[in-house]
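Asker: what shape does this take:
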Amino acid sequence: MYSGAVEIKTVIMRGALKNKPKESFIPQERHETIRKEIMDILEGNSFSAKDISGEVGISVKEVFEHLEHIQRSVSRGDYHLAMTPAECKKCGFVFRKREKLKKPGKCPVCRGESIQEPLFSLRRTEILHNNNNNGQER
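Answerer: Reported below is the predicted structural model:
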């Protein structure tokens, strides 16, 4: 008889949850696009993806998607997305050759999982204008 009482209680609770009105999602009011906001934050400053996420108010996953797009789009202009590579906190290994923007899961040397996140900044591309290097980037 006790199990029957529990079933009735569960059914009543499920019904109560179904009738609860859903609150509508109201997006955060923005005066700039998210990418423009990220670019303004990164100009002259270094931040991790987690820091950017907190500043802009989006998930870390979304930050990486925006950073990839920013990396492609600014390379055609006067700026470039500079990345300070991730570093293993245990042995000091630096992930210099890594092209992915996300933090690696494990260190290939010590297999440690405590890894300092990469830092991102937006820097102005300097072009040398002298005869020896024909306007090559520095």
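Asker: who touches stretch 44-53?
Answerer: The contact list for stretch 44-53, computed with CB atoms under 8 Å, 6 or more residues apart in numbering, reads 38, 41-42, 55, 59-60, 62-64, 67, 84, 101-103, 117-123. In this view, the C-beta of every residue, glycine as well, is placed from N, C-alpha and C.
Asker: can you pull the contacts of the closest residue to Tyr79 other than its chain neighbours?
Answerer: Computed as CB to CB, 6 or more residues apart in numbering, the closest residue to Tyr79 that is not its neighbour in sequence is Leu122, at 5.3 Å. Neighbouring residues of Leu122 by CB under 8 Å, 6+ apart: Met39, Leu42, Glu43, Gly44, Ile70, Val74, Tyr79, His80, Leu81, Ala82.
Asker: dump the C-alpha coordinates for the helix or strand harbouring Leu122 into PDB.
Answerer: Using DSSP states H and E, Leu122 maps to strand 119-124. The C-alpha trace of strand 119-124 is given here as PDB (Å, rounded to 0.1, in the frame of the first residue of the first chain):
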ATOM      1  CA  LEU A 119      46.200  33.900 -23.500                       C
ATOM      2  CA  PHE A 120      44.900  35.900 -26.400                       C
ATOM      3  CA  SER A 121      45.400  39.500 -27.400                       C
ATOM      4  CA  LEU A 122      44.800  41.700 -30.400                       C
ATOM      5  CA  ARG A 123      48.000  43.400 -31.700                       C
ATOM      6  CA  ARG A 124      48.600  45.800 -34.500                       C
END
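Asker: wait, isn't Val63 in contact with Glu37?
Answerer: No: counting by CB atoms under 8 Å, Val63 stays clear of Glu37, with 11.0 Å between them.
Asker: and those two? Which one has more around it.
Answerer: Taking other CB atoms under 10 Å, Val63 and Glu37 do not tie; Val63 has more neighbours (25 against 18).
Asker: the host helix or strand of Asp40 - contacts with which helices or strands?
Answerer: Under the criterion of DSSP H and E, Asp40 resides in helix 34-42. In terms of contacts (3 or more CB pairs under 8 Å, 6 or more residues apart in numbering; DSSP states H and E), helix 34-42 is packed against helix 49-56, helix 60-74, strand 119-124.
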